[in-house]
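Novice: Show me the folded form of this:
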Amino acid sequence: MKKNYYHSIDLVKIMCAVMIVCIHTSPLASYDSRVNSFLVNCICRVAVPFFFISSGFLLFKRAGVSPVNGSTVKNYLKRILVLYLFWSAVYFPITAVEMYRCHDPKAAGLIFLNWLKNMIFTAGYGFLWYLPATIVAVAVVGLLLKKGVSVNKIIAAGLVLFLIGLCGQTYYGLVSGIPFPQGVKNFFAGFYDIIGTTRNGIFEGIIFVALGARLSQKEHFGKLKYSFLMLVLSFALLSVEFITVSKMGWRLEYDMYLFLIPCAYYLLKCALCLEGKLKSLETAKWAELLRPYSSLIYFTHMIFVDGYCFLTPYKYTNSLIMFAIGILPTLFLSTVILLVSRTKIFRFVKKLY
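Specialist: The predicted structure follows:
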């Protein structure tokens, strides 16, 4: 089935990829820690939810919702699995170096076993968690749609799971003070011993993939002005949520916020409302050329960030320089990979980003 390309989504995804680089490099940390925290732990956190919701939209635009084309969903899952295994292999040498440096066979074995456990439950290399999370979320949503469950019911279930996930993320400090029965506490303690986080496809991904699927059913996306105003309001409420969580000291991690749901939803709606205007401008051509960069930036930037940190202590590096190290060589490598993949001999490389 022919893919649908949306230039507006392509451009937003590139911005989101840059946001992810910001999260991993803290570009303003050397100048103002509070502003940097607001940028990295609030604004930029919309990036992953947007990847989830846009993936759900684009996939189910092709696969359909009622009925859903199971083979299209399976092919998509296979593609994401290949990406996950390939890029996990690319980053495995970092784990191998850690094993070598410990100079203790038992300790090295524990590091490897921990890597193997993470490969199954989260990600062998931290930032790649989005890939297995997408596999799980898409598989669950696709299976439920195949079984005839309505999108709205999946969204409702996804919201419940997201609220549970918040208890292990930004609202951990609030929830931990509630006197739950010991059995419940033991269950979640055991869960954290194995999984280590609620930042995954079940608790974070399903709601966004399902919302994307719901939007894919629509022919019209409303007025841009309304979606933009709702996006601004959602970001304002997200900012209040971030400030409250930070002031109260509730957060365990900064990946999940309640108001990321409307932020991602209306950001996608804004992009879809702009699609018609972009197609009539030269911007569309640029968007098509830049489309692969969102994936390539995401996959390759940690090669340079971690590579530099191995050679130079992070704390002695200016934060903007760290961001430049994370983005400039990445853009160069991405361009090289893109050019190589367009040759006849190496066109298979396109399947790796």
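Novice: remind me which residues of the protein are low pLDDT?
Specialist: For the chain, the stretches with pLDDT under 70 are 1-4, 185, 279-285, 313-316.
Novice: which residue is nearest the centroid of it?
Specialist: Compute the mean C-alpha point of the chain, and by CA atoms, centre = their mean the closest residue is residue 48, 2.9 Å away.
Novice: was I right about it contacting residue 17?
Specialist: No - checked against CB atoms under 8 Å, the pair residue 48 and residue 17 is beyond contact range at 10.6 Å. The C-beta positions use only the backbone N, C-alpha and C, and glycine is treated the same way.
Novice: contacting residues for residue 134?
Specialist: Going by CB atoms under 8 Å, 6 or more residues apart in numbering, residue 134 touches 51, 52, 55, 80, 201, 205, 209.
Novice: next helix or strand past the lengthiest helix in the chain?
Specialist: Longest helix in the chain by number of residues (criterion: DSSP state H): helix 70-101. Helices and strands here follow DSSP states H and E; after helix 70-101, the next one along the chain is helix 105-121.
Novice: which other residues reach that following helix?
Specialist: 88, 92, 95, 98, 99, 100, 102, 124, 194, 195, 196, 200.
Novice: ok, 6 Å please
Specialist: Helix 105-121 is contacted from outside by 95, 98, 99, 102, 124, 195, using CB atoms under 6 Å, 6 or more residues apart in numbering.
Novice: from those residues, which two are the most distant?
Specialist: The most widely separated members of these, counting by CB to CB, are 102 and 195 (24.4 Å).
Novice: So which of these two has more stuff around it?
Specialist: Each of residue 102 and residue 195 has its neighbours counted (other CB atoms under 10 Å); residue 195 has more, 18 against 14.
Novice: how about the contacts of helix 105-121 in JSON lines, adding distance to residue 163?
Specialist: JSON lines is the format used below for the contacts of helix 105-121 (distance: CB to CB, whole Å):
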{"residue": "95", "distance to residue 163": "34"}
{"residue": "98", "distance to residue 163": "36"}
{"residue": "99", "distance to residue 163": "39"}
{"residue": "102", "distance to residue 163": "40"}
{"residue": "124", "distance to residue 163": "29"}
{"residue": "195", "distance to residue 163": "17"}
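Novice: From the residues you listed, pick the one nearest residue 308.
Specialist: residue 98 (16.6 Å).
Novice: what sits against the closest one?
Specialist: Per CB under 6 Å, 6+ apart, neighbours of residue 98: residue 111.
Novice: And it, how far from residue 115?
Specialist: Taking CB to CB, to the nearest Å as the measure, residue 98 falls 9 Å from residue 115.
Novice: Same question for residue 145.
Specialist: Distance from residue 145 to residue 115, by CB to CB: 34 Å.
Novice: Between these two, which is the more surrounded one?
Specialist: Taking neighbours as other CB under 10 Å, residue 145 and residue 115 compare with residue 145 leading, 24 against 19.
Novice: Buried residues of the host helix or strand of the more buried one, list them for me.
Specialist: Using DSSP H and E, residue 145 sits in helix 130-146. Across helix 130-146, burial judged by 16 or more other CB atoms under 10 Å covers 130-142, 144-145.
Novice: Which elements pack onto whichever helix or strand comes after it?
Specialist: Later in the chain than helix 130-146, the nearest helix or strand by DSSP H and E is helix 151-166. The contact analysis (3 or more CB pairs under 6 Å, 6 or more residues apart in numbering; DSSP states H and E) places helix 151-166 against helix 206-216.
Novice: ok, 8 Å please
Specialist: helix 130-146, helix 206-216 (3 or more CB pairs under 8 Å, 6 or more residues apart in numbering; DSSP states H and E).
Novice: Tell me which residues are up against the next helix or strand after it.
Specialist: As assigned by DSSP H and E, the chain's next helix or strand after helix 151-166 is helix 172-175. Contact with helix 172-175 is made by 167, 248, 249, 250, 251, 252, 253, as judged by CB under 8 Å, 6+ apart.
Novice: Among those, which one lies nearest to residue 64?
Specialist: Relative to residue 64, and with distances defined as CB to CB, the nearest of these is residue 167, at 34.4 Å.
Novice: and the residue nearest to the closest one when sequence neighbours are not counted, how far is that from residue 12?
Specialist: Setting aside the residues directly before and after it, residue 167 is nearest to residue 175 in space (CB to CB, 6 or more residues apart in numbering), at 4.3 Å. Distance, residue 175 to residue 12, by CB to CB: 33 Å.
Novice: next one: residue 312
Specialist: Applying CB to CB, the value for residue 312 to residue 12 is 33 Å.
Novice: Show me which of the two is the more surrounded one.
Specialist: Neighbours were counted for residue 312 and for residue 12 using other CB under 10 Å; residue 12 has more, 23 against 12.
Novice: tell me which element that one falls in.
Specialist: helix 7-25.
Novice: Which other helices and strands does that helix contact?
Specialist: Against helix 7-25 (3+ CB pairs under 8 Å, 6+ apart) you get helix 33-41, helix 47-63, helix 260-279, helix 283-290, helix 293-311, helix 319-341.
Novice: Now the second one: buried residues?
Specialist: For helix 47-63, burial by neighbour count (16+ other CB under 10 Å) applies to 47-63.
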